[in-house]
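> Turn this into a structure:
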Amino acid sequence: MNYNVTVNGKVYSVTVEKTGAAAPVAAAPVAAPVAAAPVAPAPVVEESAPAAEFQKVEEEAVFVKAEIAQEAAQVRQRQGGCRVKALAHGLGRRAGKPKRNLKLERVVDFIFEAGWLRKTLRTGWAYLGSGQEDVAQHSFRVALIGYVLAKRAGANAEHTALLGLFHDLHEARTSDLNYMNQRYTNKDERRAQADAVEGTGFGEEILAAYDEFEARESLEARLAKDADQLDLLFNLKEELDKGNAFAKDWIDAAVERLKTAEARELCEEMLRTDHNRWWFGHVDRRWWVDRKEGGLGDPGRERGREPFGRRAGHPGRRICRPMLLKDRT
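Below is the predicted model:
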């Protein structure tokens, strides 16, 4: 007997052989032959089947349906495995034409562009005659100094650092224009900043940080701008310590640009400190001679002597060159 079985929306034909004798069916009366040609017997129509046979048919149908479903699952699994292998293979060799992720592409471009700041020099150092720096180095320490200033001022340190980190991002496109260049050249910094972050998914946040930095209305923006000037001042102090007397004139001008009390206080302390003190000024002199005494952390004082081998009554080497703001002339 033929039965239809439905699996996942598809109809399958199942043939089940009957066992045992079939129920007798009354034969229809046959009319006398009209012509000499043989007449095909009329099909036998079964109106019903015994209850036991129906039960067997239902059991067979359930079993067949389960087998078909299992086979279909195995086929799907095999096909899925093939797709996974093809995807893994496609990482090394592009197969077909996958759908592009435009936002992720822009993020990759953005990171490459930010790396270009390491190749973008701050051009003003050529006029000083010594020192050099790229924009990436400058931006890093501006963010660091901004964080320090905000902590001392009770402001939002993380936000201040963010303002400093992105304040010169546009210079990957516009380059750095020093004070002489700016007398004759105009550049659309905001447009360059907007183009750099367009389509990344976080452009609005960075552009808003740029606008806030330029407006100088929030405390964090004023601290970030002072951090921008302090990074320059720290570099100028290094050049002054190394003998470039012209750096003092630059320092005098840059100090006047500081707006917050926290920045001016930090600047005063910096100007009275030799830039080598952090690594050279706290080490016993004998360490530089034979490396048998002293080390970082000013151990000379623990041995009852001054740093750099100074003893009582001996002036020793004066490493710090005091230069207070009030002494500037």
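
> For the nearest residue to residue 133 once chain neighbours are set aside, which residues are in contact?
Leaving aside its chain neighbours, residue 133 sits nearest to residue 122 (4.9 Å; criterion: Cβ to Cβ, 6 or more residues apart in numbering). Yep, even glycine has a C-beta here, placed from its N, CA and C like the rest. Counting by Cβ atoms under 8 Å, 6 or more residues apart in numbering, residue 122 touches 132-135, 138, 176, 178.

> tell me the mean pLDDT for the helix or strand that residue 214 is a member of?
Assigned by DSSP states H and E, residue 214 falls within helix 203-215. Mean pLDDT, helix 203-215: 97.

> got it, and stretch 132-141?
Per-residue pLDDT over stretch 132-141 has a mean of 97.

> contact partners of it?
By Cβ under 8 Å, 6+ apart, the residues outside stretch 132-141 that reach it are 114-115, 117-122, 125, 164-169, 171-172, 176, 231, 234-235.

> Buried ones among those?
Taking 16 or more other Cβ atoms under 10 Å as the criterion, what is buried in the contacts of stretch 132-141 is 114, 117, 120-122, 125, 164-169, 171-172, 176, 231, 234-235.

> Tell me which of those residues fall in helices.
Under the assignment DSSP state H, the buried ones among the contacts of stretch 132-141 contribute 114, 125, 164-166, 171-172, 231, 234-235 to helices.

> Out of these, which comes closest to residue 107?
Nearest to residue 107 among those: residue 114, at 10.7 Å, using Cβ to Cβ.

> The stretch 151-300 of the chain: strands as residue ranges?
For the stretch 151-300 of the chain, strands defined by DSSP state E, counting those that start in this stretch do not occur.

> Any stretches of this protein with poor pLDDT?
Across the chain, the ranges flagged by pLDDT under 70 are 1-54, 57, 61, 64, 72, 75-97, 293-329.

> quick one: the helices in it?
Going by DSSP H, the chain shows helices at 51-92, 102-115, 125-128, 135-153, 157-166, 171-174, 189-197, 203-215, 219-241, 247-255, 261-271, 285-289.

> Just put the ones in helices among the buried ones among the contacts of stretch 132-141 in a markdown table and tack on distance to residue 155.
What follows is those, written out as a markdown table (distance: Cβ to Cβ, whole Å):
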| residue | distance to residue 155 |
| --- | --- |
| 114 | 25 |
| 125 | 30 |
| 164 | 12 |
| 165 | 16 |
| 166 | 17 |
| 171 | 26 |
| 172 | 28 |
| 231 | 18 |
| 234 | 21 |
| 235 | 24 |
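
> picking that back up, how far away is the residue nearest to residue 133 from residue 142?
Per Cβ to Cβ, to the nearest Å, residue 122 is found 12 Å from residue 142.

> Where does the record place the domain boundaries for this structure?
Per automatic domain parsing, the structural domains of the chain span 1-14+51-92, 111-271, 275-329.

> if you compare those, which one is most tucked away?
Among the domains of the chain, domain 111-271 has the highest mean neighbour count (mean count of other Cβ atoms under 10 Å), at a mean of 18.

> start to end distance for it?
Using Cα to Cα, to the nearest Å, one end of domain 111-271 lies 36 Å from the other.

> What of stretch 281-289?
Chord length of stretch 281-289, first to last residue, is 15 Å (Cα to Cα).

> what do you get for stretch 248-263?
In stretch 248-263, first residue to last residue: 18 Å (Cα to Cα).

> Run through who's touching it.
Under the criterion Cβ under 8 Å, 6+ apart, residues 128, 149, 152-153, 216, 219, 222-223, 225-227, 229-230, 232-233, 236-237, 240, 264, 267, 271, 325, 328 lie in contact with stretch 248-263.

> Which residues are in contact with each of residue 122 and residue 142?
By Cβ under 8 Å, 6+ apart, no residue touches both residue 122 and residue 142.

> so how far is residue 164 from residue 153?
Taken as Cβ to Cβ, the span from residue 153 to residue 164 is 14 Å.

> pretty sure residue 113 is touching residue 195, no?
No. Counting by Cβ atoms under 8 Å, residue 113 does not reach residue 195; the two are 9.7 Å apart.

> Mind listing the shared neighbours of the two?
Shared contacts of residue 113 and residue 195, defined by Cβ under 8 Å, 6+ apart, comprise residue 173.

> And the contacts of stretch 107-115?
Here stretch 107-115 has contacts from 136, 169, 172-173, 196-197, 200-201, using Cβ under 8 Å, 6+ apart.

> Closest to residue 68 out of the residues you listed?
residue 201 (47.0 Å).

> contacting residues for the closest residue to that closest one other than its chain neighbours?
Spatial nearest neighbour of residue 201, chain neighbours left out: residue 103 (5.3 Å); criterion: Cβ to Cβ, 6+ apart. Shown in contact with residue 103 (Cβ under 8 Å, 6+ apart): 199-201.
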